[in-house]
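Novice: let's see this in three dimensions:
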Amino acid sequence: MRTFNKRIPAVLVSLCLGLLSTSVYSQGNSYIRGEDSFVNLPTGRSWGAVSAIHYAGNNTIWIAERCGGNRGPGSCADRLDVDPIMLVDTNGNILKSFGAGLFIWPHGIYVDAGDNLWVTDGANSTEPLKGNQVHKFSPDGELLMSLGIAGVKGSGHYYFNAPNDVLVAPNGDIFVADGHNTSTDNRIVKFNSEGEYLMEWGSVGAEAGEFRVPHSLAMDSQGRLFVADRVNSRLQIFDQLGNHLETWTQFGRPSDLYIDSNDILYSADSESGTGPDRNPGWQRGIYIGSAKDGFVTSFILDPNTNPEGTTSHAEGVTVDDDGNVYGAEVAERNVRKFSLR
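Specialist: Numbers count the residues shown, from 1 in each chain. Got it, this is the predicted structure:
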């Protein structure tokens, strides 16, 4: 087991700029912030909280939003006629949508090698018969598989307690990041392609292999599994058997991770500096760097300067084939596009 604090390499990228925080944020912003929302929503529809976004190839992006709200009234709990899942093109046009009445709190999203869509449905006390599941859909929205028991939380092999994210490895194995707060299970659960339980690892804590809200998953070209260990303000890297490889702290307090085909890592930090115990001294925004060696090369600053006690900017992140970055925002209830200059 190896644990590295890669703050020092981040400094070396721009040594002349001095301290780490200065060096990271001085990498420069190569992106132009787009309009308030790049998606053309139908008349009368407004964004709910959005944390789930994933590029699907062919200039298309899957997005899951919370039916115009977040939790409780005005969200997917009672808006059973609203499709929370939508496919949009990179110009913001909605191509298709589905999922009305199926979800209570869509949270994480993933597109596998067969173009199937995976969505985690978290927990919501206002609707006890839904949530705590992971769903697999065909590209046309047909439900193909569900993991977990609807509305039932638990720590057994086939139960979840507010699952955050899902990822499918090239061999078809399924990884689920389970536990949206530190009073529940905080673990990674692995299944085979048929949904049969294989193994799990993790518990609440701050040591290597422990988590405090494993909020997102990503995998690099080497097959290493990256876990956004949000409340611990770090990401951890594992092999697919759960062996801890490295710990990185230079990508902020990660809410979401995305790794593109060139092993460029994008980390959405929506919480740093929003409280005395939330990664003080770091700024919210999207950190961009190498998944191979951990060097941070660019940073998109959160333009929101609200005081402590808030969360803002992208909680979800993805990138298209042209390098344009898309941020899914929970507090602002928006999806924003950042185009390369």
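Novice: which residue comes closest to residue 85 once chain neighbours are left out?
Specialist: Leaving aside its sequence neighbours, residue 85 sits nearest to residue 99 (CB to CB, 6 or more residues apart in numbering; 4.0 Å). For glycine as for every other residue, the C-beta is placed from the backbone atoms N, C-alpha and C.
Novice: distance of the residue nearest to the spatial centre of the chain from residue 47?
Specialist: By CA atoms, centre = their mean, the chain has its centre lying nearest to residue 256, at 3.1 Å. To residue 47, residue 256 is 17 Å away according to CB to CB, to the nearest Å.
Novice: hey, which helix or strand in the chain has the poorest pLDDT?
Specialist: Across the helices and strands of the chain, mean confidence by mean pLDDT, DSSP states H and E is lowest for helix 7-13: a mean of 39.
Novice: enumerate the beta-bridge partners assigned to residue 228.
Specialist: Counting by DSSP bridges, residue 228 is bridged to residue 216, residue 235.
Novice: so what's it up against?
Specialist: By CB atoms under 8 Å, 6 or more residues apart in numbering, the contact set of residue 228 is 177, 214, 215, 216, 217, 218, 235, 254, 255, 256, 257, 267.
Novice: now these as a markdown table including pLDDT and distance to residue 193?
Specialist: Formatted as a markdown table, those follow (pLDDT from 0 to 100; distance: CB to CB, whole Å):
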| residue | pLDDT | distance to residue 193 |
| --- | --- | --- |
| 177 | 99 | 18 |
| 214 | 99 | 22 |
| 215 | 99 | 24 |
| 216 | 99 | 21 |
| 217 | 99 | 16 |
| 218 | 99 | 19 |
| 235 | 99 | 26 |
| 254 | 98 | 27 |
| 255 | 98 | 28 |
| 256 | 98 | 24 |
| 257 | 99 | 23 |
| 267 | 99 | 28 |
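Novice: which among those residues count as buried?
Specialist: Buried by 16 or more other CB atoms under 10 Å: 177, 214, 215, 216, 217, 218, 235, 254, 255, 256, 257, 267, out of those.
Novice: any chance of the residues you listed in a markdown table, plus distance to residue 29?
Specialist: As requested, the buried ones among the contacts of residue 228 are exported to a markdown table (distance: CB to CB, whole Å):
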| residue | distance to residue 29 |
| --- | --- |
| 177 | 29 |
| 214 | 29 |
| 215 | 24 |
| 216 | 22 |
| 217 | 26 |
| 218 | 22 |
| 235 | 22 |
| 254 | 19 |
| 255 | 19 |
| 256 | 19 |
| 257 | 20 |
| 267 | 15 |
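Novice: just those residues now: which is nearest residue 330?
Specialist: Distance to residue 330 across the buried ones among the contacts of residue 228 (CB to CB) is lowest for residue 255, with 8.5 Å.
Novice: that'll do, ta.
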